[in-house]
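**Q** what's the 3D shape of this:
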Amino acid sequence: MSLFGNNGGENNLVNVLGAKIDTMIGLPSWQGGLEPDTQICLDHLCSYNFVKAQNLVQVKKAAGSMIATNRNNVIYDAIKSEAKWVLFIDTDMIFPPDSIQQMQKHGKPVVSGLAFSKTPPHVPNMYLRIDRCGWTPIVQWKRGELLKVDCTGGAFMLVEVEDFKKLDP
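**A** Got it, this is the predicted structure:
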């Protein structure tokens with residue numbers, strides 16, 4: 001039995017407590033593993049949310065060859081558990097323990113953390129549409145400022161579950 005969940009199963013302390021899960025943390029991956037630094041950050045994030053922020057989170061590892069399917073499985077579990085938020089975290093990200101609160105404070109239904117492309121040029125993974133078929137990366141911004149983008153990846157993205165309920169599966 002685990003304090004923060006066991007891959008989305010029904011037999012965990014969150015359900016034993018009868019408390020609602022605030023945030024379902026989804027780790028969609030094709031190989032199923034986590035980078036060591038990501039695991040450390042995840043441990044700190046879970047601890048911070050339980051002890052300091054008094055929010056219950058549940059971690060759902062979703063492994064398989066189709067990342068989109070893995071993300072959908074996380075969403076289905078979040079809806080089923082009546083979580084308010086889904087936080088997608090790629091398995092190679094690092095982040096501070098209060099990341100959920102930092103993103104929630106903006107009051108937006110979708111907020112993404114800053115991530116960079118893995119291959120050169122290492123541009124931020126956030127883009128503006130320049131025409132019907134083209135995109136340009138955003139390479140300048142003010143540190144700490146929320147920035148509206150037309151496109152971003154899901155490497156570290158917080159989404160209100162209610163927004164998923166509005167979409168067709």
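
**Q** flag the shaky bits of this structure, pLDDT-wise.
**A** In the predicted model, the chain carries pLDDT under 70 at residues 1-18.

**Q** which helix is the longest one in it?
**A** Longest among the helix segments of the chain by residue count, using DSSP state H, is helix 36-51.

**Q** and the angle for the helix or strand just after that helix with helix 36-51?
**A** Downstream of helix 36-51, the next assigned helix or strand under DSSP states H and E is strand 57-63. With axes from the mean of the first three to the mean of the last three CA atoms, to 10 degrees as the basis, strand 57-63 and helix 36-51 are set at 150 degrees to each other.

**Q** gap between strand 57-63 and the chain center?
**A** 10 Å (CA atoms, centre = their mean, to the nearest Å).

**Q** just checking, what packs against that strand?
**A** Secondary-structure packing of strand 57-63 (3 or more CB pairs under 8 Å, 6 or more residues apart in numbering; DSSP states H and E): strand 23-29, helix 36-51, helix 67-80. To be clear about C-beta, it is placed using only N, CA and C from the backbone, and glycine gets the same treatment.

**Q** for His122, find the nearest of the ones you listed.
**A** Evaluated with CB to CB, the helices and strands packed on strand 57-63 place helix 36-51 nearest to His122, the distance being 17.5 Å.

**Q** how far away from the center of its chain is that closest one?
**A** Relative to its chain's centre, helix 36-51 lies at 13 Å (CA atoms, centre = their mean).

**Q** contacts for the longest helix of the chain next, please.
**A** Here helix 36-51 makes contact (CB atoms under 8 Å, 6 or more residues apart in numbering) with 3-4, 22-23, 25, 27, 34, 55-57, 59, 89-100.

**Q** out of the helices and strands packed on strand 57-63, nearest to Val149?
**A** helix 67-80 (19.0 Å).

**Q** in the closest one, what's buried?
**A** With burial defined by 16 or more other CB atoms under 10 Å, the residues of helix 67-80 counted as buried are 67, 70-78.

**Q** distance to Ile130 added to the residues you listed, as TSV?
**A** Shown next, in TSV, are the buried residues of helix 67-80 (distance: CB to CB, whole Å):
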residue	distance to Ile130
Ile67	27
Asn70	31
Arg71	27
Asn72	30
Asn73	34
Val74	32
Ile75	30
Tyr76	35
Asp77	37
Ala78	34
